[in-house]
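Student: any chance you could fold what I've pasted below:
(one chain, ligands or ions: 1)
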Amino acid sequence: MSLETEISRRKTFGIVAHPDAGKTTLTEKLLLFGGAIQEAGAVKSNKIKKGATSDFMEIERQRGISVATSVLAFDYKNKKINILDTPGHKDFAEDTFRTLTAVDSVIVVVDVAKGVEEQTEKLVEVCRMRNIPMLVFVNKMDREGKDAFDLMDEIEQKLSLRVTPLSWPIGIGSTFKGIYNIWEKNIGLFSNENKQKISESIAFDNLDDPELDTIIGESFAENLRNEIELVTEVYPKFDNEEYMSGRLQPVFFGSALNNFGVRELLDAFVDIAPHPQSKETTTRIVEPFEHNFSGFVFKIHANMDPKHRDRLAFVKIVSGKFERNKNYLHVRQGKNMKFSSPNAFFADKKEIVDESFAGDIVGLHDTGNFRIGDTLTEGEKMMFKGIPSFSPEHFRYINNADPLKAKQLEKGIDQLMDEGVAQLFTLEMNNRKIIGTVGALQYEVIQYRLEHEYGAKVSYEPISIFKACWVEVEDEKSAEFQEFKRVKQKYLAHDKFGQLVFLADSSFTIQMTQEKYPSVKLHFVSEF
Ligand code: GDP
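Tutor: Take a look at the predicted model:
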C-alpha cells in the first residue's frame, strides 16, 4: 500500500464521557465489530472505584490497566481505527485533555437518563475550542430516560453544540422497540435477548410504507412518522464539511450493553470521520501526507516494574512513516535517537513493529529523555503546538522528609512531572516547590511512587492558592511589569519550562491584578 493509502485509511479518535455513561462498554462493542476481540468482557475498565482514594493497590492496578487500554486498534471495512483511551475520572482530566491533542475526532457518550454530565461538559468544551469533529452517542436506550427531543435540546444548550440526529429511537426503556437509521434509511429492531447478536436491519426508504405498522405496531409507527417529520423540520441537514469543521454534530441513539445502534454509529463513523489531520508547529503547519516523519509525545507511562523505572512514551505520528531503527531528531534536546523496539497497539496486545503511519500511536521505551509535548522529526527543527498545561485545581508545598535522599527526590519529581502526573512550580523568592494537581488523588500517587520507585520520602503542607496564571508581558523592562514583580514577589513562581507564573489566591486577586497592571496578561493555560 502506498503511504497515502495507508494514511488515509486511518481514523484516530477518543471517546469522551462522564464515568459510567458506557465508554468501556461501547469500546468493547466496537472492538467486537472489528473482530479484534471475540467476546464481551475483554476490555478492562480503567476506572477508579469510589472510595479507592487511599487504596494504593488500586492505583497500581489502575496504572497497569491504563497501559493496556491506552490505545486499542482494529480494522473495520478496510479502515484502521485507533481508539485512544480518555479517562473519565475527574482527577485524570489533565491526562484526557492531553490525549485529545492526539485524536482526529471524538465520540461523545451521553447516558439517556442522566443527560449531559459535568465531565462531559468540560471535555466537550476542549474539543469545541479545537474544532474537533464530534459524534454523539446517546446510550442506555433500554432504560427509562429523557425524551429524545428534550435530550437533544440539553445537548445543544449544555454542550453548545449544533446537533442533527442520524438515528432516532422508537420508544424507550420498557417500550424500546429499536431505532430508525436516518443515515441509511432502515429500521433496527431491538431484542435484548442475545446481547452478542448483531441486530439485523430492515430497509425503509419510505416511512409511509404500511409494512412499518405491521412491524412496530400502529401507534409506534404513527409516532415515528410524526417525530421524523419534526426532526426533518427542526434540525439542520447533515453536512460533511460542517461536521469536519466542528460546526455540526450528528447524534445516534442505542444501547452499548445490548450492542444495539453501535453498528450504525460505527458505519457512519468510518464513512464520515476524518483521516489524520494537519497540525501546527512553531514554524509551520505539518500535513499528514508529507513524506517525512514527524510526531509528538502526548502521554508518558511509567512501567509497572518499579525497579526499572523505564517508561513508555506515547507518540502520535503526525506525518509520514515512522520506522524502527531509523535516526530521528529529538528536537528539544537536539539529539538523534533511534528506537529498536517501538510498540504498536492492538486491541488485545502490543507488538514491536517495523513501521507505523500518520494517525498511529507508537510506544517508545524511554529512560527519561522525553517529556510531554516533545517533538520527533527527521531533522527539521520545529515543535508541535497545542499541548498546553492547564491551571491545576489543588496546590500544596512539597517537602523532603529524608534529607539523605535529596537527589533521589529531585530526580523523582522531575520524572513524574515529565510524565504529566502533576505540575511543579518553584517559588522565585525562596525556591520552595509547590505541586499543583487536578485532583487530590494525585498527591497520594506521587507520594507513593516517589517512595517506591525513587526511595524518597515527602510530606505536604497546605498553601492557599486559587489558580496558577501564566504571565504574558510585551515589555519586560516596563515600569509596570517591574512594579508587578516587586509587589507580587511572594506569589511568583516558575513552571518546569521556566515560564513565569503568578499564583493567585483568589479570583478577586486576579481581577484586581488585571486592573492594576493592564499590560501584564494572565492566562489559565501555559500556551497563548
Ligand atoms: P464507563 O465508566 O463510561 O466506562 O462505563 P461502563 O461502560 O463501565 O458502563 C457503566 C455501567 O453502565 C455498567 O454497569 C454497564 O454495564 C452499564 N451500561 C453500559 N451501557 C449500557 C446500556 O446500553 N444499557 C444499560 N442498561 N446499561 C449499560
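Student: residue ranges with poor pLDDT in this structure?
Tutor: 36-69, 192-200, 303-309 (pLDDT under 70).
Student: which residue is most remote from the mean position of it?
Tutor: Distance from the centre of the chain peaks at Pro210, with 45.4 Å (CA atoms, centre = their mean).
Student: ok, the closest residue to Pro342 other than its chain neighbours - contacts?
Tutor: Leaving aside its chain neighbours, Pro342 sits nearest to Val362 (4.6 Å; criterion: CB to CB, 6 or more residues apart in numbering). Quick note: C-beta positions are derived from backbone N, CA and C, even for glycine. Val362 makes contact with 295, 314-315, 317, 322, 339, 342-344, 353, 356 under the criterion CB atoms under 8 Å, 6 or more residues apart in numbering.
Student: what do you get for Ala102?
Tutor: By CB under 8 Å, 6+ apart, the neighbours of Ala102 are 12, 14, 84, 296, 298-299, 314, 316, 361.
Student: and it, what are its phi and psi?
Tutor: phi -110, psi 0 (degrees, to the nearest 10).
Student: how much space separates it from Ile352?
Tutor: Using CB to CB, to the nearest Å, we find Ala102 at a distance of 21 Å from Ile352.
Student: do His18 as well
Tutor: Relative to Ile352, and taking CB to CB, His18 is found at 36 Å.
Student: now swap in Leu3 and tell me
Tutor: 21 Å.
Student: for those two, indicate the residue with more neighbours.
Tutor: Leu3 (16 against 12; other CB atoms under 10 Å).
Student: how about that one, nearest residue that isn't a chain neighbour?
Tutor: In space, and not counting its chain neighbours, Leu3 is closest to Lys321: 6.1 Å by CB to CB, 6+ apart.
Student: do a quick rundown of the helices in the stretch 251-400 of the chain.
Tutor: 262-272 (DSSP state H, counting those that start in this stretch).
Student: thinking again about what came up before, bridging residues for the residue nearest to Pro342?
Tutor: Per DSSP bridges, the residues bridged to Val362 are Val315, Ala344.
Student: same deal with Val471?
Tutor: Leu522.
Student: that one: what's it in contact with?
Tutor: 499-502, 520-523.
Student: run a quick neighbour tally on Leu135.
Tutor: Leu135 has 22 neighbouring residues, counting by other CB under 10 Å.
Student: can you pull the contacts of it?
Tutor: Contacts of Leu135 (CB under 8 Å, 6+ apart): 105-108, 249-252, 265, 268-269, 273.
Student: next, work out how far apart it and the ligand are.
Tutor: 16 Å (CB to the nearest ligand atom, to the nearest Å).
Student: do Phe484 as well
Tutor: Phe484 is 45 Å from the ligand, by CB to the nearest ligand atom.
Student: grab the nearest non-local neighbour of that residue.
Tutor: Closest residue to Phe484 apart from its sequence neighbours, by CB to CB, 6+ apart: Tyr517 at 4.6 Å.
Student: my guess is the one you found contacts Glu480. True?
Tutor: Yes: using CB atoms under 8 Å, Tyr517 is in contact with Glu480, at 5.5 Å.
Student: who has more neighbours, these two?
Tutor: Tyr517 (21 against 14).
Student: let me see the contact set for that one.
Tutor: 480-481, 483-484.
Student: same check, this time on Ile81
Tutor: The contact partners of Ile81, by CB under 8 Å, 6+ apart, come to 10-13, 30, 34, 73-75, 270.
Student: any idea which helix or strand carries it?
Tutor: strand 79-84 (DSSP states H and E).
Student: just the buried residues of the longest helix anywhere in the chain, please?
Tutor: If you go by DSSP state H, the chain has its longest helix at helix 218-234. Within helix 218-234, the residues that qualify as buried are 220-221, 224, 227, 231, counting by 16 or more other CB atoms under 10 Å.
Student: other SSEs contacting the helix or strand just after it?
Tutor: For helix 218-234, the following helix or strand on the C-terminal side (DSSP H and E) is helix 240-244. Using 3 or more CB pairs under 8 Å, 6 or more residues apart in numbering; DSSP states H and E, the elements in contact with helix 240-244 are helix 262-272.
Student: specify the angle between the helix it packs on and strand 79-84 in degrees.
Tutor: Orientation check (axes from the mean of the first three to the mean of the last three CA atoms, to 10 degrees): helix 262-272 against strand 79-84 gives 110 degrees.
Student: check what contacts helix 262-272 and list those residues.
Tutor: 11, 13, 26, 29-30, 33, 76-77, 79, 81, 107, 135, 137, 166-167, 179, 181, 183-184, 188, 198-199, 240, 243-244, 250, 252, 254, 256.
Student: at 7 Å what do you get?
Tutor: With contact meaning CB atoms under 7 Å, 6 or more residues apart in numbering, helix 262-272 is reached by 11, 26, 29-30, 33, 76-77, 79, 135, 137, 166-167, 181, 183, 188, 198, 240, 243, 250, 252, 254, 256.
Student: and those residues, which of them are buried?
Tutor: Counted by 16+ other CB under 10 Å, the contacts of helix 262-272 give 11, 26, 29-30, 33, 76, 79, 135, 137, 166-167, 181, 183, 188, 243, 250, 252, 254, 256 as buried.
Student: ok, the residue nearest to Leu3 - how many residues close by?
Tutor: Around Lys321 there are 17 residues (other CB under 10 Å).
Student: list the contacts of it.
Tutor: Neighbours of Lys321 in contact, by CB under 7 Å, 6+ apart: 3, 293, 355, 357.
Student: if we can go back for a sec, so which of the contacts of helix 262-272 sit within strands?
Tutor: 11, 76, 79, 135, 137, 167, 181, 188, 250, 252 (DSSP state E).
Student: near the ligand, which residues of the stretch 201-350 of the chain are found?
Tutor: Residues of the stretch 201-350 of the chain lying close to the ligand (CB under 6 Å from any ligand atom) are 255-258.
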